[in-house]
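J.: here are the coordinates; sequence isn't available:
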């Protein structure tokens, strides 16, 4: 049976890791786009905050200290979070790759 999840991604954490040069981010030589390699972990039981899954950045051969968590997921529901201002997103040219 298909499942749908809802959650939040810590975009600030992604920017921090990208600027730090995390190997979880790669830039395609074919199209110039930037990709993030991830693991999605679905738990057997809901945690104390209602999360059923989490997402972390990783790469092939990564050690535990190389991986970073940046999202938690719950079974689908909209929490009505406030939108951000698009001018708050840094320019991609500021990333080290």
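T.: That came in fine, so what should we check first? Computed from a prediction, not measured in an experiment: that's the story for all the values here.

J.: tell me where the chain has helices.
T.: With DSSP state H as the criterion, the chain has helices at 11-19.

J.: tell me which helix or strand in it has the weakest average pLDDT.
T.: Of all helical and strand segments in the chain, the minimum by mean pLDDT, DSSP states H and E falls on strand 5-9, at a mean of 91.

J.: in that one, what counts as buried?
T.: For strand 5-9, a neighbour-count test (16 or more other Cβ atoms under 10 Å) marks 5, 7 as buried. Where C-beta positions appear, they are placed from N, C-alpha and C, glycine not excepted.

J.: longest strand anywhere in the chain?
T.: strand 68-75 (DSSP state E).

J.: what lines up beside the least confident helix or strand of the chain in the sheet?
T.: strand 68-75 (antiparallel) (DSSP bridges).

J.: got a list of contacts for the strand it pairs with?
T.: Contacts to strand 68-75, defined as Cβ atoms under 8 Å, 6 or more residues apart in numbering, come from residues 3-10, 13-14, 17, 22, 24, 46, 49-57.

J.: now restrict these to buried residues only.
T.: For the contacts of strand 68-75, buried by 16+ other Cβ under 10 Å: 5, 7, 14, 17, 22, 24, 51-57.
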